[in-house]
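In: Here is my input; please provide its structure:
(2 chains)
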Amino acid sequence: MRLRFAPSPTGQLHVGNARTALFNWLLARGSSGAFVLRIEDTDVERSTRESEAAILTDLRWLGLDWDEGPDIGGPHGPYRQSERLPLYAEHAQRLLEAGTAYYCFCTPEALETARRRALAEGRPARYSGTCRYLASEEVGRRLASGERAAVRFRVPEGREVAFRDLVRGEIRFETAVIGDPVLLRTDGHPAYNFAVVVDDVLMGITHVVRGEDHISNTPRQVLLYEALGFDPPQFAHLSLVMGPDHTPLSKRHGATSVAEFRRKGYLPEALVNYLALIGWSPSGDEELLSVGEMARRFSLDAVGHSAGVFDEGKLAWVNRHYLRSADPRRIAELAVPYFRDAGVDLRPDAAGLAFLAGAMAMATGSVDRLEEIPPRLHFLFDYDAAAAVRRPAVREVVEAAGGREVVLALAEELAAEPRLDRERFRAVAARVRQRTGRKAAALFHPIRAALTGDAGGPELDLAVPAIDAGAGLPAGSGVPAILGCRERAAAFAQAIEEEPGRAPA
RNA sequence: GCCGGUAUCGUCUAGGGGUCAGGACACGUGGUUCUCAGCCACGGGACCGGGGUUCGAAUCCCCGUACCGGUACCA
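Out: The predicted structure follows:
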């Protein structure tokens, strides 16, 4: 099998297109076939090299590698349509000579007027055929006089075109409803329907798997294969990805491009896994699969026929799973830029990174995206006892029965204590419990308030050792100074004494 | 308008002439005797409508309806 993904470089890689790329890739990798990347940049106005580069970046990030493409070449290049112009001209010439194509001198304005009138009169809005039967002398004369012309395909009359779609079965069209498509534009660039056919043939593509929006193009293309004397490939049309309101996914639905999801802190394996689940279901009940496993199991006849709504909530759930099972070191590295954005100046060396990796466990278990990690761990880096004491939620904890007592006892216990690890923290907590008689929430809530400055957050068994691990980091490890538990408890105890407006204990 | 495609819980889906119509996300309730989150358990929730065919239709056929796509010298 030879498959391809053929984006036009006119913007960001959309998740819908990413899914199309993924399905092609899955088929290629699951069959030891080839996956070809081709850039469809025949729309000179809208195509840019920046978009092309961005698309390649996104595909690589997703892990969808290609065997032939514009950057690495291959035996069927070039892989940019803009570099294949002579090929299209040559094939158009063949059709012109065979009489299955003809020159069209109609102006865009004339075409548009005709189109509008047809629509108004309730007729099919297809090319009226003005230039279809021009005498060859007239064509020659107008060409010779320098008049610009497009090349159109002469769609055979009164026929039926059928093809077998690998996901939907047989689909047929009457040629009567198909207007003569432009093959070569006045400027010599090929139009889409022509370029794909020429390229798919020349590149030896065996399976064309693309969006459902191309289904009505397919009969034109089948006709072109015939006229050119080639066998058409197999076709498979994938349903589209929609927004929650069931309209095509667009910017007003929020994030729609792969780059945006990356920025928000989704992992590539999560996005890929989730995308595969729209319109495809692995046999069995498991939905969480590696790409390799997906490639092994993927099959076009298990692909659904109907459009799917993109559900970011489910993506988040998938992401959570991968976040949790990923190597903490990798997550720590990925999280660094998000910390910087949140104002924490991290440039960790090996020791700093090891510390961060250790701290990840208390974030990844309860967070959907990388973006949410810094807020979850902010208590490590900014601790301000005076500010904490003024926080209503913290205040409530301290002022609850026994709250102050616990804080004071904690500060005293910690005064002589070295850096806490999990065991030492438990021992300290046990001693505070003994001294104060407080237990469970009445014990741990004030401890949390004093040590993290917050009323909520990761469990203390994890948070406390992390704080002291951070405090023990040598200066220059690229992590901002972290205040240790002993110092925190002392500062907090002092702050509650000094806080004005507090009712006497 | 014309042509084409699609239709199972809110969402992604499994299934398919006789099933308690299954799972996942989301949601609700309870549990996890340090909170939030998470996690666990339980729960509510669906076959677009109408005709046929049949002992029996969500499943097959027809007709509607809705939605999506195309109808470009965009792709």
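In: low-confidence ranges in chain A?
Out: Counting by pLDDT under 70, the ranges of chain A that qualify are A:500-505.
In: now the residue most central in space within it: how far from RNA strand B?
Out: Within chain A, the residue whose C-alpha comes closest to the C-alpha centroid is residue A:258; the distance, by Cα atoms, centre = their mean, is 2.7 Å. If you measure residue A:258 against RNA strand B using Cβ to the nearest atom of the strand, to the nearest Å, the figure is 17 Å. C-beta here means a position set from N, CA and C on the backbone, and glycine is covered the same way.
In: That residue against residue A:275, yeah?
Out: No: because the distance of 9.4 Å does not satisfy Cβ atoms under 8 Å, residue A:258 is recorded as not touching residue A:275.
In: Between those two, which contacts overlap?
Out: Where contact means Cβ atoms under 8 Å, 6 or more residues apart in numbering, the residues bridging residue A:258 and residue A:275 through contact with each are A:15, A:18.
In: Enumerate the beta-bridge partners assigned to residue A:2.
Out: With DSSP bridges applied, residue A:2 shows beta-bridge pairing to residue A:34.
In: What count of nearby residues applies to the nearest residue to residue A:375 once chain neighbours are set aside?
Out: Distances taken as Cβ to Cβ, 6 or more residues apart in numbering put residue A:342 closest to residue A:375, at 7.0 Å, once the chain neighbours are dropped. Residue A:342: 17 surrounding residues under other Cβ atoms under 10 Å.
In: how near is residue A:342 to RNA strand B?
Out: Plainly put, residue A:342 is 17 Å away from RNA strand B if you go by Cβ to the nearest atom of the strand.
In: Could you check how far that residue is from residue A:380?
Out: 12 Å (Cβ to Cβ, to the nearest Å).
In: same question, residue A:99
Out: Looking at residue A:99 against residue A:380, where the rule is Cβ to Cβ, the gap reads 77 Å.
In: cool, residue A:457 as well?
Out: If you measure residue A:457 against residue A:380 using Cβ to Cβ, the figure is 10 Å.
In: Those two - which one has more neighbours?
Out: Set residue A:457 next to residue A:380 and count neighbours by other Cβ under 10 Å: residue A:380 wins out with 25 against 18.
In: got the contact list for the helix or strand hosting the more buried one?
Out: Counting by DSSP states H and E, the element that carries residue A:380 is helix A:373-381. Counting by Cβ under 8 Å, 6+ apart, helix A:373-381 makes contact with A:265, A:331, A:335, A:338-339, A:341-342, A:344, A:359-360, A:362-364, A:366-367, A:452-454, A:457-458, A:463, A:466-467, A:470, A:480, A:482, all of which sit outside it.
In: Type out the ChimeraX command that picks the buried ones from the residues you listed.
Out: Of the contacts of helix A:373-381, the buried ones go into a single ChimeraX selection, burial set by 16 or more other Cβ atoms under 10 Å:
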select /A:265,331,335,338,339,342,344,359,360,362,363,364,367,452,453,454,457,458,463,466,467,470,480,482
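In: quick one: the strands in chain A?
Out: Per DSSP state E, chain A has strands spanning A:2-5, A:34-37, A:101-104, A:150-153, A:160-165, A:169-174, A:182-184, A:207-211, A:234-238, A:241-242, A:308-309. These are given in chain order.
In: For residue A:52, grab the count of nearby residues.
Out: Number of residues near residue A:52 (other Cβ under 10 Å) recorded here: 19.
In: That one against residue A:37, yeah?
Out: No: shown here, residue A:52 and residue A:37 do not form a contact pair, counting by Cβ under 8 Å, at 10.1 Å.
In: Give the residues shared as contacts by the two.
Out: Counting by Cβ under 8 Å, 6+ apart, the common neighbours of residue A:52 and residue A:37 are residue A:70.
In: Do a quick rundown of the helices in the stretch 51-200 of chain A.
Out: Under the criterion DSSP state H, counting those that start in this stretch, helices of the stretch 51-200 of chain A are mapped to A:85-98, A:108-120, A:136-144, A:192-202.
In: Could I get the ones you listed in a markdown table, plus columns for mean neighbour count and distance to RNA strand B?
Out: Written out in a markdown table, the entries for the helices of the stretch 51-200 of chain A read as follows (neighbours: other Cβ atoms under 10 Å; distance: least, Cβ to the nearest atom of the strand, whole Å):
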| stretch | mean neighbour count | distance to RNA strand B |
| --- | --- | --- |
| helix A:85-98 | 15 | 11 |
| helix A:108-120 | 12 | 5 |
| helix A:136-144 | 12 | 12 |
| helix A:192-202 | 22 | 3 |
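In: Please identify which of these is closest to residue A:243.
Out: Proximity of those to residue A:243 was assessed by Cβ to Cβ; the nearest stretch is helix A:192-202, lying at 25.3 Å.
In: CA atoms only for stretch A:479-498 - export them in CSV, please.
Out: What follows is the C-alpha trace of stretch A:479-498 in CSV, where atoms were taken according to Å, rounded to 0.1, in the frame of the first residue of the first chain:
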residue,chain,number,x,y,z
VAL,A,479,15.5,26.5,40.4
PRO,A,480,14.5,29.6,42.4
ALA,A,481,15.2,29.4,46.1
ILE,A,482,12.6,27.4,48.0
LEU,A,483,11.9,28.1,51.6
GLY,A,484,12.0,25.0,53.8
CYS,A,485,9.3,23.7,56.1
ARG,A,486,11.1,24.7,59.2
GLU,A,487,11.4,28.3,58.1
ARG,A,488,7.8,28.2,56.8
ALA,A,489,6.4,27.0,60.1
ALA,A,490,8.3,29.6,62.0
ALA,A,491,7.3,32.4,59.7
PHE,A,492,3.7,31.3,59.7
ALA,A,493,3.5,31.1,63.5
GLN,A,494,4.9,34.5,63.7
ALA,A,495,2.6,35.9,61.1
ILE,A,496,-0.5,34.7,62.9
GLU,A,497,0.7,36.4,66.1
GLU,A,498,1.2,39.6,64.2
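In: what comes up buried for that stretch?
Out: Residues of stretch A:479-498 classed as buried under the neighbour-count rule (16+ other Cβ under 10 Å) are A:479-480, A:482-486, A:488-493, A:495-496.
In: just how off-centre is that stretch within its chain?
Out: 42 Å (Cα atoms, centre = their mean, to the nearest Å).
In: which residues sit against it?
Out: Among residues not part of stretch A:479-498, those counted as contacts by Cβ under 8 Å, 6+ apart are A:344-346, A:348, A:352, A:355-356, A:380-381, A:383, A:385-386, A:388-389, A:398, A:404, A:407-408, A:410-411, A:414-415, A:417, A:419-420, A:425, A:449-451, A:453, A:464, A:467-468, A:470-473, A:475, A:502.
In: Just checking stretch A:22-41 against RNA strand B, any contact.
Out: Yes: residues of stretch A:22-41 contacting RNA strand B under Cβ under 7 Å from any atom of the strand: residue A:40.
In: Kindly check the end-to-end length of that stretch for me.
Out: Start to finish, the residues bounding stretch A:22-41 are 21 Å apart (Cα to Cα, to the nearest Å).
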